[in-house]
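Novice: here's my sequence, what's the structure:
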Amino acid sequence: MTWQEELASLVGDTGITYSAGAVAEEEERDAGDTGGRVLGKGYYRVSEDGAGPEESLNEQVTGFVVATGEMLRELGRGFWDVAQQSLERVGETYVGKKVRGHGDAVLRRLEFMNEYLPEDRDPVHAWPIVITVFLLALLGIPGIKESLLEEFGVRLITYDLPGFGESDPHPVRNLNSSAMDMLHLANALGVTDKFWVVGYSGGAMHAWAAVHYIPDRLAGAAMFAPMSNPYDSSLNKEEIHKTWDEWTMKRRLMYVLARRFPSLLPYFYRRSFLSGEHGQPEKWLSLSLGKKDKSLLEEPLFREFWEKDAGESVRQGDAKPFVEEAMLQVSNWGFGLADLQVQNQHQGKGLLPWLKSLYGRVEHEQAGFLSPIHVWQGTDDHVVPPSMTKFVRRMIPGATVHRLLGEGHFSYFCFCDDCHRQIFSTLFGNPRGPLPTELEVDRSPSEQHIEDIASHDCTEQE
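Specialist: Numbering: from 1, shown residues only. Just a heads-up that it's a prediction; the model follows:
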């Protein structure tokens with residue numbers, strides 16, 4: 001398209017056409033007569049023939065936008081060429097010489113990362129990828145070996161929920177404050193890059209809160225038998241029946257009291273959690289267990305862990321944090337799992353979105369949690385039935401669900417070396433070696449109760 005045709009496309013049909021034959025004929029006449037016809041040279045006659053169909057306003061605007069875009073593109077290329085030519089000599093300027101030394105110093109400080117990176121990657125550019133693998137914040141993995149953490153280069157951070165163990169109670173506790181607790185903990189330990197968050201059983205609601213409230217700080221989320229709100233309005237009838245039918249009568253009563261009569265819960269907990277008798281976990285927690293879970297609970301290693309962990313959970317002797325935890329589980333979370341699903345944001349109405357749609361395909365901004373979500377669920381889990389995970393999958397279709405055939409609630413997550421290795425391989429890929437010592441953070445005496453590598457309480461997450 002010539003520039004004359006492009007210009008003509010911006011206006012309606014005027015009846016003027018460009019006839020090459022007329023111009024050539026007129027030029028031949030002018031060549032034989034150089035008199036007063038010179039002024040007429042170059043003018044075009046008005047066509048008496050029928051003109052083409054008149055362009056619509058939409059086509060005119062489209063042509064204008066396309067032409068403007070092409071001009072801006074060429075202008076941008078020109079600016080880029082000028083910038084590249086200007087930057088070729090920036091190293092010889094005063095500012096370039098001053099900055100060069102500091103840049104070299106930074107690169108030298110990052111050289112230790114080369115042994116963990118592919119040969120074709122520069123440590124400065126690969127740093128966020130490696131740091132993502134190094135840092136992991138979750139509610140504890142009972143029985144995990146320190147050697148496995150070192151093999152995969154994982155730093156495991158665990159903490160006590162407010163009011164449990166050695167953590168102080170929170171005056172106005174909710175799921176938003178849970179996410180903020182994780183954020184403040186990460187900042188206090190010097191975790192400045194993205195980290196993974198893992199939720200187990202009832203602790204999953206705190207991990208979901210982190211996914212919702214601090215998504216920009218998370219590299220991903222891993223959920224194990226995630227307990228949802230049994231009163232969630234998005235649950236369908238089948239999911240409700242399959243969930244409630246798996247629970248013991250005592251456990252159903254606990255959720256009903258938490259939902260309807262929370263003031264009666266302290267009496268319930270004083271006769272169970274705070275009675276001082278830990279006893280059988282399934283009786284203490286009002287659980288019905290599958291075959292593998294029962295076998296695991298008979299192991300001396302698990303018994304020893306259970307006695308120590310249960311005693312640590314109730315060391316403050318206060319029923320209030322247990323009541324708060326139960327109420328949070330069955331109350332409105334302030335967000336829905338469907339809010340975490342990646343989806344395109346709705347485009348607004350107006351002239352600008354309309355012009356963008358005319359020019360070409362519009363790139364939609366995405367909302368929701370953009371990082372990976374993994375969910376592990378045992379098919380023989382009677383504590384958090386598989387119907388709960390089906391609900392999660394329905395609400396978050398983008399989540400990756402791992403069905404564990406024959407596994408229960410504890411059998412895969414607690415004291416299973418092969419299982420822990422499979423989990424880390426799924427999340428982080430191949431082992432990357434131990435953490436560099438530069439990532440160690442000094443802690444004040446007040447922070448000594450925060451253990452980087454520990455087995456957190458399975459009990460308080462129920």
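
Novice: near Lys250, how many other residues are there?
Specialist: Look at Lys250: counted by other Cβ atoms under 10 Å, it has 13 neighbours. In short, each C-beta sits where N, CA and C put it, glycine included.

Novice: from His212, how far out is it?
Specialist: For Lys250, the distance to His212 (Cβ to Cβ, to the nearest Å) stands at 31 Å.

Novice: what's the domain layout of the chain?
Specialist: 1-55, 89-121, 130-238+331-461 (automatic domain parsing).

Novice: looking at the second one now, give me its mean pLDDT.
Specialist: Read that as domain 89-121. For domain 89-121, mean pLDDT is 50.

Novice: swap in the last one?
Specialist: Domain 130-238+331-461 shows a mean pLDDT of 81.

Novice: now stretch 270-285
Specialist: Here the average pLDDT along stretch 270-285 is 67.

Novice: okay, now His241: neighbour count?
Specialist: 12.

Novice: and it, its phi and psi?
Specialist: phi -70, psi -40 (degrees, to the nearest 10).

Novice: for Thr158, same thing?
Specialist: Torsion angles, degrees, to the nearest 10, at Thr158: phi -130, psi 160.

Novice: distance of it from Lys292?
Specialist: Applying Cβ to Cβ to Thr158 and Lys292 gives a distance of 24 Å.

Novice: likewise for Ala67?
Specialist: From Ala67 to Lys292 the distance is 70 Å (Cβ to Cβ).

Novice: cool, Asp381 as well?
Specialist: For Asp381 relative to Lys292 (Cβ to Cβ), the value is 10 Å.

Novice: neighbours around Asp232, how many?
Specialist: Counted with other Cβ under 10 Å, Asp232 comes out at 17.

Novice: which residues touch Gly220?
Specialist: Applying Cβ atoms under 8 Å, 6 or more residues apart in numbering to Gly220 gives the contacts Thr132, Trp196, Val197, Ser371, Pro372, Ile373, His374, Leu427.

Novice: tabulate those residues in TSV, adding columns for distance to Cys414 and neighbour count.
Specialist: Shown next, in TSV, are the contacts of Gly220 (distance: Cβ to Cβ, whole Å; neighbours: other Cβ atoms under 10 Å):
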residue	distance to Cys414	neighbour count
Thr132	26	19
Trp196	19	22
Val197	19	25
Ser371	26	15
Pro372	24	16
Ile373	22	22
His374	18	18
Leu427	18	19
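
Novice: isn't Gly202 right next to Met227, touching?
Specialist: Yes - using Cβ atoms under 8 Å, Gly202 is in contact with Met227, at 4.6 Å.

Novice: which residues do the two both contact?
Specialist: Here Gly202 and Met227 share the contacting residues Gln329, scored by Cβ under 8 Å, 6+ apart.

Novice: just the element for Phe302, please.
Specialist: For Phe302, the host element (DSSP states H and E) is helix 300-313.

Novice: show me where this protein has strands.
Specialist: 135-138, 155-157, 195-200, 218-224, 343-344, 366-367, 373-378, 400-404 (DSSP state E).

Novice: quick one: the last one to strand 218-224, angle?
Specialist: Angle of strand 400-404 versus strand 218-224, following axes from the mean of the first three to the mean of the last three Cα atoms, to 10 degrees, is 30 degrees.

Novice: ok, strand 400-404: who's next to it in the sheet?
Specialist: Applying DSSP bridges, strand 400-404 is found paired with strand 373-378 (parallel).

Novice: let's see the partner strand as CSV, backbone CA atoms only.
Specialist: Taking Å, rounded to 0.1, in the frame of the first residue of the first chain, the C-alpha atoms of strand 373-378 are listed here in CSV:
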residue,chain,number,x,y,z
ILE,A,373,-0.4,-26.0,43.9
HIS,A,374,0.1,-29.7,44.8
VAL,A,375,-2.4,-31.8,46.8
TRP,A,376,-1.7,-35.2,48.3
GLN,A,377,-4.7,-37.3,49.4
GLY,A,378,-4.9,-40.9,50.7
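
Novice: show residues contacting it.
Specialist: 211, 220-226, 290, 292, 340, 384, 386, 388-389, 392-393, 396, 398-404, 406-409, 411-413, 423, 426-427.

Novice: try 6 Å
Specialist: Strand 373-378 is contacted from outside by 221-225, 386, 389, 392, 399-402, 404, 407-408, 412, using Cβ atoms under 6 Å, 6 or more residues apart in numbering.

Novice: coming back round to it: higher neighbour count, Asp381 and Lys292?
Specialist: The residue with more neighbours, out of Asp381 and Lys292, is Asp381; 26 against 19, by other Cβ under 10 Å.

Novice: quick one: contacts for that one?
Specialist: So Asp381 contacts Ala225, Gly408, His409 (Cβ under 6 Å, 6+ apart).

Novice: of the residues you listed, buried ones?
Specialist: Buried residues within the contacts of Asp381, counting neighbours by 16 or more other Cβ atoms under 10 Å: Ala225, Gly408, His409.

Novice: same list (these) but as CSV, adding distance to Asp168.
Specialist: CSV is the format used below for the buried ones among the contacts of Asp381 (distance: Cβ to Cβ, whole Å):
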residue, distance to Asp168
Ala225, 28
Gly408, 34
His409, 29
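
Novice: among the residues you listed, which one lies nearest to Leu175?
Specialist: Ala225 (18.7 Å; Cβ to Cβ).

Novice: now for the residue lying closest to that closest one once chain neighbours are set aside, how many residues are close by?
Specialist: Among residues not flanking Ala225 along the chain, Val384 sits closest, at 4.1 Å (Cβ to Cβ, 6 or more residues apart in numbering). Val384 has 24 neighbours, counted by other Cβ under 10 Å.

Novice: any idea how far Phe64 is from Val384?
Specialist: 60 Å.

Novice: neighbours around Asn187, how many?
Specialist: Asn187, neighbours per other Cβ under 10 Å, totals 11.
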